[in-house]
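Peer 1: when you get a sec, could you give me coordinates for this:
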Amino acid sequence: MRSLVLAAVCFFASAPTIGGAIPSRVDDNRDCTTCLTTEFDRLVALLGDDVLRDMVCRLSSERYTPGKLSSAMGIPEGQILRRIKTLRGWGVVRAVRRDSATTIIEPIPGDGTRTLRRWARRYCPTGERCGRPTGGPEAGDGRKPSDSEGGATPGDRVGFDPKYAAARDRLMTQIEEEMRETEVYTGRSRLSVPVFKTMSDTPRHEFVPSDLRDRAYYNGPLSIGDGQTISQPYIVALMTEILDLKPSDVALDVGSGSGYQAAVLAPLAAKVFSVEIIESLYLSATERLKRLGYDNVQTRLGDGYDGWPEKGPFDAIVVAAAAESIPRPLVRQLAKGGRMAVVIGEEHEVQQLVLVTKDTDGKLLSRNVLPVRFVPLTRDR
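Peer 2: Just a heads-up that it's a prediction; the model follows:
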């Protein structure tokens, strides 16, 4: 469960194809105004830049001077000005000089305002700056998270807390929107009903540190300590979706982290085996999964690169950290007809979410699904 963010990168001037190269990441030393040509590219950049994302949330409903924005966010004005230049290049804000000493940054009326507010509705951690009251999701088929609870009342679900219901609803809407927007890369326009249900029902607030619970249903990664993160919910949903799990499947989760990915997999598979190399994370994830009643999940302290050969072969394997190449031990432990979702690429370089399948003859096939940004797969050296 170690994704930093969905790739904070600059795409080539032409729209990238699936698996297309990405020349660089977004950071304070590079302005990406000219290299992001599609709205999807810009949304990827927003996901990778907390300051830029917060600016969008604020500017969607209020005008600021650069100095006021710097003060409100606690960010040096130079960083604010660089990101204002990026937003102006995207055609969503403008600088209006009121007098010789005052410049106001505001949304461009019309398309710019609508685009800024649409982004803010998706990425603001709370609803107060999003341009409209927060409400339940409106998925393409009318699904709502409340629909996923079957005959049980919400309080019957493990870890359910009604105070997070609105945030959960908003998150599921955002995930469904991103599925539609990334279909050209992933080949999937929506979540299957079982994956939608497990993403909705899994109490993400139980898998983040207590001081971050107010952001638990924010569609982005969050720190869980030891230099690791809980992955962005959209990426967790996508990686789970492409595994095409069946109720009889046995799954391997490489990199337990807080246990969130294992919890998402648990209702979809017969058994889930989860390996974590960092002892403190292993201990807390094991306690958490047991407390929340995930009885079909078994955890182990060890090097996930080597898998868990005693429990294989596995019908599905998910590796939520970046390996330099497809781990050969995991390939050996993948069952015939099995599927593996794994991130390939070095830190700060091009990375791809890759789907690896093994056919009934044992032949491997792989394809790039989406450019992403993950922390490296930690090894036991």
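
Peer 1: would you map the helices across the chain?
Peer 2: 39-47, 50-59, 66-73, 77-89, 111-123, 165-181, 183-186, 193-201, 233-241, 260-265, 279-291, 328-333 (DSSP state H).

Peer 1: most tightly surrounded among the ones you listed?
Peer 2: Neighbour counts (mean count of other C-beta atoms under 10 Å) averaged over each of the helices of the chain peak at helix 260-265, with a mean of 29. All C-beta atoms are positioned from the backbone trio N, CA, C, and that covers glycine.

Peer 1: how about residues contacting that helix?
Peer 2: Residues from elsewhere that reach helix 260-265 (C-beta atoms under 8 Å, 6 or more residues apart in numbering): 1, 198-199, 202, 204, 207, 230-231, 236-237, 239-240, 245, 251, 253, 255-256, 272, 274, 285, 289, 292, 294, 297, 299, 316, 318, 320.

Peer 1: just give the nearest non-adjacent residue to residue 84, would you?
Peer 2: Of all residues beyond its chain neighbours, the one nearest residue 84 is residue 105 (5.8 Å), with distances taken as C-beta to C-beta, 6 or more residues apart in numbering.

Peer 1: so the one you found bridges to which residues?
Peer 2: residue 64, residue 95 (DSSP bridges).

Peer 1: on that earlier part again, narrow the contacts of helix 260-265 to those that are buried.
Peer 2: 1, 198-199, 202, 204, 207, 230-231, 236-237, 239-240, 245, 251, 253, 255-256, 272, 274, 285, 289, 292, 294, 297, 299, 316, 318, 320 (16 or more other C-beta atoms under 10 Å).

Peer 1: remind me which residues of the stretch 151-300 of the chain are low pLDDT?
Peer 2: Low-confidence segments of the stretch 151-300 of the chain (pLDDT under 70): 151-160.

Peer 1: 90 instead?
Peer 2: Applying pLDDT under 90 to the stretch 151-300 of the chain flags the ranges 151-166, 177-178, 180-185, 219-223, 225-229, 231.

Peer 1: okay if I get the helices of the chain as TSV plus distance to residue 311?
Peer 2: TSV is the format used below for those (distance: least, C-beta to C-beta, whole Å):
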stretch	distance to residue 311
helix 39-47	34
helix 50-59	38
helix 66-73	47
helix 77-89	47
helix 111-123	38
helix 165-181	30
helix 183-186	29
helix 193-201	21
helix 233-241	19
helix 260-265	13
helix 279-291	16
helix 328-333	8
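
Peer 1: if we can go back for a sec, the buried ones among the contacts of helix 260-265 in strands, which ones?
Peer 2: Mapping the buried ones among the contacts of helix 260-265 onto strands (DSSP state E) picks out 230, 251, 253, 272, 274, 297, 299, 316, 318, 320.

Peer 1: what's the most distant pair in those?
Peer 2: Farthest-apart pair in these is 230 and 316; separation 20.1 Å (C-beta to C-beta).

Peer 1: circling back: can you put the ones in strands among the buried ones among the contacts of helix 260-265 in a markdown table and add distance to residue 326?
Peer 2: Below are these laid out as a markdown table (distance: C-beta to C-beta, whole Å):
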| residue | distance to residue 326 |
| --- | --- |
| 230 | 24 |
| 251 | 17 |
| 253 | 17 |
| 272 | 21 |
| 274 | 20 |
| 297 | 24 |
| 299 | 24 |
| 316 | 15 |
| 318 | 13 |
| 320 | 15 |
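
Peer 1: quick revisit: pLDDT wise, what is the residue nearest to residue 84 at?
Peer 2: You'll see residue 105 listed with a pLDDT of 91.

Peer 1: residues contacting it?
Peer 2: Applying C-beta under 8 Å, 6+ apart, one finds that residue 105 lies in contact with 59, 63, 64, 65, 66, 69, 84, 93, 94, 95, 96.

Peer 1: change it to 6 Å
Peer 2: Residues near residue 105 by C-beta atoms under 6 Å, 6 or more residues apart in numbering: 64, 84, 93, 95.

Peer 1: same check, this time on residue 253
Peer 2: The contact partners of residue 253, taken as C-beta under 6 Å, 6+ apart, are 261, 262, 274, 318.

Peer 1: hey, what's it bridged with?
Peer 2: residue 274, residue 318.

Peer 1: rewinding a little: rebuild the contacts of residue 253 as JSON lines, extending it with distance to residue 161.
Peer 2: Output for these, formatted as JSON lines (distance: C-beta to C-beta, whole Å):
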{"residue": "261", "distance to residue 161": "21"}
{"residue": "262", "distance to residue 161": "20"}
{"residue": "274", "distance to residue 161": "24"}
{"residue": "318", "distance to residue 161": "26"}
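
Peer 1: wait, residue 258 touches residue 231, no?
Peer 2: No. In this structure, residue 258 is not within contact of residue 231 by C-beta atoms under 6 Å, at 9.6 Å.

Peer 1: nearest to residue 115, of the contacts of residue 105?
Peer 2: residue 93 (10.0 Å).

Peer 1: I'd like the distance between that closest one and residue 248.
Peer 2: Using C-beta to C-beta, to the nearest Å, residue 93 is found at 52 Å from residue 248.

Peer 1: okay, those two: which has more neighbours?
Peer 2: Between residue 93 and residue 248, counting by other C-beta atoms under 10 Å, residue 93 is the more crowded of the two (26 against 9).

Peer 1: ok, that one to residue 79 distance?
Peer 2: Note on residue 93: its distance to residue 79, by C-beta to C-beta, is 16 Å.

Peer 1: same deal with residue 110?
Peer 2: 28 Å.

Peer 1: residue 71 now?
Peer 2: Taken as C-beta to C-beta, the span from residue 71 to residue 79 is 13 Å.
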